[in-house]
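Enquirer: Just a sequence and a predicted model for now, questions to come.
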Amino acid sequence: MKALIRFFVRHRILILFIFLESLSLFLVVKHNQIQRTSFLNSSNALAGNIYQMSNSVSEYFSLEQVNHSLAKENTELKQRLSQVEEELRFLKQDSSYQGRKEMAIQKKYSFVTAKVINASYNKHKNYLTLDKGALDGMKVEMGVVNDLGVVGIVSSVSDHFSVVLPILNPLSSISVKLKGESKSGFLVWDGRDSETALLQEMPRYVKAAVGDTVVTSGYSSIFPEGIPVGRVKYVKRTNDDNYYMEVTLAADFSQLSYVDAMAFDNLDEEQELENQNLQKMEGGKK
Amino acid sequence: MMDILLRRGGSFVLFVLLQVLVLNNILFYGFINPYLYILFLITLPSNLSRSTFLLIGFIMGLLVDIFSGTPGCHASACVLLCYLIPYLQNLFGPRSDHSSNVQPSFKTYGSGGFMQYAVILVVIHHFFFLLVEDGSLSDILWVLLKTLFSSIFTIMMIWILEMIKSKN
């Protein structure tokens, strides 16, 4: 017993070193496994507030660009509004059964506008922090877009802040397709260039050319169909059935300011139904 | 005593904030990121107990982690760094009086000695951190490249800061 105690006292530094090192590496592993909220990311109160303070200073430097993009978005919205009014007038005249049915099927999405208070785009694993949290209606798995295109997916939420897993993170994978085609693939990032991502599992029978627009597929309920993601930058035929495709991203991750988080209003209901179905199928197997 | 503690605490906070608010946003060619905050750790005086060294390193690393969204990566690299610092201080520090309180700097180590001491620690820290952040050995060449370039920038910043300090 004495020898044991003496051993511990003699090697106390090494033991403390091993303990702290294992604790750190445990945190690394745990964080990589579950991207859900933990108090050790920038959605916690201390980090969130300091980032907000820092952002309230630095946002003055980009006001001109923000104004510019807001004005542009404004005009686009006005155009869309006039289009919609036109369609509405048309629909009132011709309230055929088919028209009404299509209106009803349209998925309803609700939006939360948030400001990006911290963003990285030059790391291996990038994250964004937004200034809206659960109290403002943010939820995990909401899709995040800005006026240029898809930004990412909300990965964790606290009361006042939330963290987004952007496309620029190897853990992110978004279901996308080429505009006008129906076959979908996955958009992933290889950790190199903050303007380029890879489109995977796009079979070679799909027609693809440099310059084609890449949009969300709408097969998952996170994003509605047809939101721009980027343009095809490079296509190569490989030996297997799929293309090797590089995509220039539409959103400029080095200059994010305001983003919209969107949630399909009946997301919970849909997920519950899918889970029930999954359980039933697993039960059936047994 | 209280005075020294306050000054140390102040520079601790300053280094962490400088790292997370300014340096983490610096971008050279998309992947070069200096990690200057470890200068605080490598200039801690030699009369600190080794367990205090380890705990300070762990807390500092964890704080930077919390802000960077990389839980554990900086902490593990800093703990390793603080485990190694006393050995290197014995190696490069002035040999004459062991028990006295020596703070690593150009004055006490000589500019060449201090830079050798700093380069070894910076490279070890950066390599370990980038390896843990990457999380796999498959991209080892990419990690080595990032280590090389980020280290160069950190070392240049350390050299400039220590130059200014020694002039005053």
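Expert: In hand now; what should we look at?
Enquirer: going forward, measure contacts between C-alpha atoms and count neighbours the same way
Expert: Will do.
Enquirer: Which single residue of chain B ends up nearest chain A?
Expert: Nearest residue of chain B to chain A: residue B:72, at 4.3 Å (CA to the nearest CA).
Enquirer: ok, that residue touching residue A:30?
Expert: No. Counting by CA atoms under 8 Å, residue B:72 stays clear of residue A:30, with 9.4 Å between them.
Enquirer: which residues does the spatially most central residue of chain B contact?
Expert: Residue closest to the mean C-alpha point of chain B, counted by CA atoms, centre = their mean, is residue B:38 at 2.0 Å. By CA atoms under 8 Å, 6 or more residues apart in numbering or on different chains, the contact list for residue B:38 reads B:78, B:122.
Enquirer: circling back: okay, residue B:72 and residue A:30: which has more neighbours?
Expert: residue B:72 (32 against 14; other CA atoms under 10 Å in any protein chain shown).
Enquirer: pLDDT wise, what is the more buried one at?
Expert: The model reports residue B:72 with a pLDDT of 87.
Enquirer: so who does it touch?
Expert: Residue B:72 makes contact with A:23, A:24, A:25, A:26, A:27, A:28, B:61, B:62, B:65 under the criterion CA under 8 Å, 6+ apart.
Enquirer: pull the CA atoms of the helix or strand containing the third one into PDB?
Expert: Taking DSSP states H and E as the criterion, residue A:25 maps to helix A:12-33. Provided in PDB are the C-alpha atoms of helix A:12-33 (Å, rounded to 0.1, in the frame of the first residue of the first chain):
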ATOM      1  CA  ARG A  12       2.000  12.700  -9.900                       C
ATOM      2  CA  ILE A  13       3.100  15.000 -12.700                       C
ATOM      3  CA  LEU A  14       2.900  12.200 -15.300                       C
ATOM      4  CA  ILE A  15      -0.400  11.100 -14.000                       C
ATOM      5  CA  LEU A  16      -1.900  14.600 -14.100                       C
ATOM      6  CA  PHE A  17      -0.500  15.000 -17.600                       C
ATOM      7  CA  ILE A  18      -2.100  11.800 -18.800                       C
ATOM      8  CA  PHE A  19      -5.400  12.700 -17.000                       C
ATOM      9  CA  LEU A  20      -5.600  16.100 -18.600                       C
ATOM     10  CA  GLU A  21      -4.600  14.800 -22.000                       C
ATOM     11  CA  SER A  22      -7.200  12.000 -22.000                       C
ATOM     12  CA  LEU A  23      -9.800  14.500 -20.900                       C
ATOM     13  CA  SER A  24      -9.000  16.800 -23.800                       C
ATOM     14  CA  LEU A  25      -8.900  13.900 -26.300                       C
ATOM     15  CA  PHE A  26     -12.200  12.600 -24.900                       C
ATOM     16  CA  LEU A  27     -13.700  16.000 -25.600                       C
ATOM     17  CA  VAL A  28     -12.400  15.900 -29.200                       C
ATOM     18  CA  VAL A  29     -13.800  12.400 -29.800                       C
ATOM     19  CA  LYS A  30     -17.100  13.200 -28.200                       C
ATOM     20  CA  HIS A  31     -17.500  16.400 -30.200                       C
ATOM     21  CA  ASN A  32     -16.700  14.600 -33.500                       C
ATOM     22  CA  GLN A  33     -19.300  11.900 -32.800                       C
END
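Enquirer: Checking the closest residue to residue A:256 other than its chain neighbours next. Helix, strand or coil?
Expert: Distances taken as CA to CA, 6 or more residues apart in numbering or on different chains place residue A:116 nearest to residue A:256, at 6.6 Å, with adjacent residues excluded. Using DSSP: H, G, I helix; E, B strand; the rest coil, the structure places residue A:116 in strand.
Enquirer: quick one: contacts of stretch A:118-129?
Expert: For stretch A:118-129, contacts defined as CA under 8 Å, 6+ apart pick out A:42-43, A:48, A:51-52, A:55, A:116-117, A:130, A:161-166, A:168-171, A:191-192, A:194, A:253-254, A:256, B:25, B:27, B:30-31, B:69, B:133-134.
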